[in-house]
Every structure is written in structure tokens, then in C-alpha cells.
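>>> return atomic coordinates for the entry below.
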Amino acid sequence: MSDQNKNIEVDKDLVDYAKSQMWGCFKNTRRGLIMSSLWVKGIREKMDGIDRRVIANEDMDANINPEKILRAFNLNQPQLTDDILNEYLEDPDIILKYIDRNYEILEQAQKSIDLIVESINRNDHPEVSRHALKYMDLYAEMGAYEYFINGLIQGLHNNFDSKKVTHIIDRSNKWRNDEAIDRTIGILRKVLYFIFDEEEIAENSMNYLHADELAGLLEGRMLKKDVRDIIKERKTHGYILLNFREKEHQNKVLDIRSQNEKIEIEKLMHSIHQFVTRQNTINSGKIVGKNVSKKEGIIQGECVAVLQENDLNSKIDMNGKILVTVMTTPEFVPYMKNVKGIVTDNGGLICHAAIIAREMDIPCIIGAEVATSMLKSGDIIEMDLKKGSVRKI
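Below you'll find the model as predicted:
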């Protein structure tokens, strides 16, 4: 059995510490456990290769079912400290250097992918495992660069006149909208299908298997039966992925054994999310978010609610309407050319929706948290861009 599963009792000091911090929660249904644990691995283990002073901020993912993953960031901890930002942003063009480096690692990852595919075609299990482990290491390294670059970009937006750094913002926007890195993670699904010869187990492994557990499978330290048992448990009861500064709580999975007796941290996250939801829905019926577009004023119109990418199709008509969604991705762009406005549950100043809104000059409110649960297609809504609020008329 995996080491990840040995200790499910949550230490009181850990719970007390978690309760003492200020967490910002949002819904995130796009990251499976392999992807998120590789990202954590990168920002915790690969950051020394970039700048050893950078200590990644804390976050947690709580998964209680496939439809709902709550993710919380510790708002007490900045992504990059002021002294690091001030040093690097003396010459903002350095951001372009790190973006180039990120793409160089992506090229190496693509070569590993080619070797994995060749090995699968030869039915060469040892070589598939060897190249898959190399790919995972490179994906983790790209995660470290992504974290660092995003911190620099955030500092750029907060501290510089955008007109003076247009070339950097344009390049960083293209980089952030480029999902080439995340798309590469699909090679691990092919590896898992090669190992199990079952599509369902491959997909479930992506969602419920930790990167260290996958490495154990590839290295022969874990049996297929162990993987099946882990997936069955996590799919039934859920899990929490910890990413705290204390090493013993970095990239650790807490398995939730009983639906009746939730782990205290899972309870904490859901109570925080409920609190944020209540705060964002005030007595007047307004949903509070943040205006990230260049416009101010009042926008009114019919809304189109799109809960996930799979709902996008040729029948959806967004022309002259307000798009309401959890968060946007590049797949949304062809549908957004003539929208009247955008409202998202999730996101920050440099999220995809914010970037597209600024580029296409579309009114946009992000971080509305409960917009998709309160609004439905056909509702007539009002966006108050000055206040960053949305209400149903």
C-alpha cells in the first residue's frame, strides 16, 4: 500500500494551524490529483533551481466527489514577497527570459512524450516507465516556473503602468493562454491505459492517484491492486491534498474514510466556503466580485450560463449576451467575440477571463464565487462595474 495512505489521523496542531489562517476558497473542477500533486511537487522541490528564497504559499484541495473540488489558498502569505518582486522587476524584461525557459522545458517534455509513444508502440514496459518518470520530473519543473512567472506578472500588473510594459503583458498573456503545458499531462493517461488496458481505470487514476503513487507503480514499488484499492476509496469518500510549509504536510494526501465522520480540515474548508458564499450574497441580492475590465458603469442584458467546457457547442448563442461561467479557458474564446459582458465564479487579475476581457475590451467581473449557482440562462442581469457587483433584475 502507498505511504500516502498510512496516516489518516489529522494531528491537532495541524488542524489548529489551519484554522488560524485566512483561506480563500473557490471551486475548481479541472485539476485531477496527479496534475495537482505534480504541480505541488514542482513548487516545493524545484524552486531552488530558480530562486531558493521563494517559498510557495500554502494551499489545500478538498475533493468530496468528482463534481466538486474546493481549493483554498492561504491569503496570509503572498505569492512573492516585496523584496523579491522589487529585485526582479527592476528590469521587467526578465519575465520574458523565464517564459522562454519555461518553453525550453516544454520542448524537453515533448521529446519525452515522443519516446513514451515509441516505447508503447514497441510494447516496451521498462522504457515506458523510464520516460514517463522523466516526463513527470519535467512537468513538475514547469510547475515551478509557472508559479514564479505568475508571481512576477502579478507584481507587474500591481506596480507598473501597463502602457510602459505592453510588450511584456502581451507576451505573458499569450503564455498564460497557452495550454500546451497542461495538455501534455494527457500522456500519463496513455501510460496508465498501457499498464491497465482499461480506459476507466486510466481516467480514474488521473483523478484520484497521487503523483508519488504513480511513480511507485512505474518503479514497481506498488501493485495494480493497490492502485485499484486507492481509487475505489477516494472515489467513494474523497481526499484532501495538503500543501503546507512544514515538510511533513507538503504534498500529502489525507484520505476521508467515512462520509459520516469528516476530517476536521475538510469540515473547515467547507465552512469557509459557505462563509464566503454568504458574504458574497448580500441582502440586496447582489453578488460581489471584482471588475477587471477597463470599463466602468452599468451593463444590463440576458445571461448565458455555461457550467463547463463540455457545454460549449454550435447551438450556444452568446452574441449580445452576458456570459456567466465558473472560469473561462481558450476553448471559450471563439464564442466570446460579441459577448456583452463576462461574469466568472473564479479568477484573479491575471486569470484567463481577465486577460481576454482586457484584450477584447469586454466588461468583466471575476471572483463572483456563486454566480453560476444563482444565475441561469435567460435571466436578465445587471453588472455594476464600479462596484464589481452583479444582480438579477
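>>> mind checking how far residue 356 is from residue 300?
In this view, residue 356 and residue 300 are 21 Å apart by CB to CB, to the nearest Å. All C-beta spots, glycine's among them, are computed from the backbone N, C-alpha and C.
>>> compare the two (neighbour count), which wins?
Each of residue 356 and residue 300 has its neighbours counted (other CB atoms under 10 Å); residue 356 has more, 22 against 13.
>>> list the contacts of that one.
177, 328, 332-333, 336, 342, 362, 364 (CB atoms under 8 Å, 6 or more residues apart in numbering).
>>> how near is it to residue 292?
From residue 356 to residue 292 the distance is 10 Å (CB to CB).
>>> quick check: most distant residue from the centroid of this structure.
Taking CA atoms, centre = their mean, the residue of the chain most remote from its mean C-alpha position is residue 122, at 34.8 Å.
>>> hmm, back to that, can you list residues touching both of residue 356 and residue 292?
Common neighbours of residue 356 and residue 292 (CB under 8 Å, 6+ apart) are residue 364.
>>> for this structure, which helix extends over the most residues?
Ranked by residue count under DSSP state H, the longest helix found in the chain is helix 125-159.
>>> so where's this protein uncertain?
Low-confidence segments of the chain (pLDDT under 70): 1-9, 26-29, 65-68, 259, 277-284.
>>> domain ranges for it?
3-270, 287-392 (automatic domain parsing).
>>> now render those as a markdown table, adding distance to residue 276.
Shown next, in a markdown table, are the domains of the chain (distance: least, CB to CB, whole Å):
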| stretch | distance to residue 276 |
| --- | --- |
| domain 3-270 | 6 |
| domain 287-392 | 6 |
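>>> before we move on, back to that, just checking, what packs against the longest helix of the chain?
helix 33-45, helix 82-88, helix 94-121, helix 166-177, helix 180-183, helix 186-196, helix 211-218 (3 or more CB pairs under 8 Å, 6 or more residues apart in numbering; DSSP states H and E).
>>> reformat those helices as a markdown table; add distance to residue 54 and mean neighbour count.
Shown next, in a markdown table, are those (distance: least, CB to CB, whole Å; neighbours: other CB atoms under 10 Å):
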| stretch | distance to residue 54 | mean neighbour count |
| --- | --- | --- |
| helix 33-45 | 8 | 23 |
| helix 82-88 | 7 | 15 |
| helix 94-121 | 12 | 16 |
| helix 166-177 | 18 | 17 |
| helix 180-183 | 19 | 14 |
| helix 186-196 | 27 | 20 |
| helix 211-218 | 21 | 22 |
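>>> once you drop chain neighbours, what's closest to residue 342?
residue 364 (4.3 Å; CB to CB, 6 or more residues apart in numbering).
>>> buried ones in the longest strand seen in the chain?
What stands out as the longest strand in the chain, according to DSSP state E, is strand 298-306. For strand 298-306, the neighbour count (16 or more other CB atoms under 10 Å) marks 299, 301, 303-306 as buried.
>>> name the SS class of the residue nearest to residue 84 when sequence neighbours are not counted, please.
The shortest distance from residue 84 to any non-neighbouring residue, by CB to CB, 6+ apart, is to residue 53 (6.1 Å). The three-state label for residue 53, taken from DSSP: H, G, I helix; E, B strand; the rest coil, comes out as coil.
>>> who's in contact with the closest residue in space to residue 182 that isn't next to it in sequence?
Using CB to CB, 6+ apart and skipping the chain neighbours, the partner closest in space to residue 182 is residue 35 (7.4 Å). Counting by CB under 8 Å, 6+ apart, residue 35 touches 182, 185, 206.
>>> any idea how far residue 35 lies from residue 205?
Applying CB to CB to residue 35 and residue 205 gives a distance of 12 Å.
>>> what of residue 191?
Distance from residue 191 to residue 205, by CB to CB: 9 Å.
>>> now swap in residue 364 and tell me
36 Å.
>>> can you pull out the helices in the stretch 251-393 of the chain?
Assigned helices in the stretch 251-393 of the chain, in chain order: 264-280, 352-360, 371-374 (criterion: DSSP state H, counting those that start in this stretch).
>>> could I get those in CSV, plus columns for distance to residue 310?
Putting the helices of the stretch 251-393 of the chain into CSV (distance: least, CB to CB, whole Å) gives the following:
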stretch, distance to residue 310
helix 264-280, 24
helix 352-360, 17
helix 371-374, 14
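>>> which among those is found nearest to residue 138?
helix 352-360 (23.6 Å; CB to CB).
>>> export the closest one to CSV, keeping only CA atoms.
Provided in CSV are the C-alpha atoms of helix 352-360 (Å, rounded to 0.1, in the frame of the first residue of the first chain):
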residue,chain,number,x,y,z
HIS,A,352,-7.8,33.9,-18.5
ALA,A,353,-11.1,35.8,-18.3
ALA,A,354,-9.4,38.9,-17.1
ILE,A,355,-6.8,38.8,-19.8
ILE,A,356,-9.4,38.2,-22.6
ALA,A,357,-11.6,40.9,-21.2
ARG,A,358,-8.8,43.5,-21.4
GLU,A,359,-7.7,42.3,-24.8
MET,A,360,-11.2,42.3,-26.3
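>>> please identify the buried residues of that helix?
352-358.
>>> give me the distance from it to the chain's centre.
Relative to its chain's centre, helix 352-360 lies at 18 Å (CA atoms, centre = their mean, to the nearest Å).
>>> the inter-axis angle of that helix versus helix 166-177?
140 degrees (axes from the mean of the first three to the mean of the last three CA atoms, to 10 degrees).
>>> between helix 352-360 and helix 125-159, how big is the angle?
Relative orientation of helix 352-360 versus helix 125-159 (the same axes, to 10 degrees): 60 degrees.
>>> not counting its neighbours along the chain, what's nearest residue 152?
residue 95 (5.1 Å).
>>> who are the contact partners of the one you found?
Contacts of residue 95 by CB under 8 Å, 6+ apart are 149, 152-153, 156, 168, 171-172.
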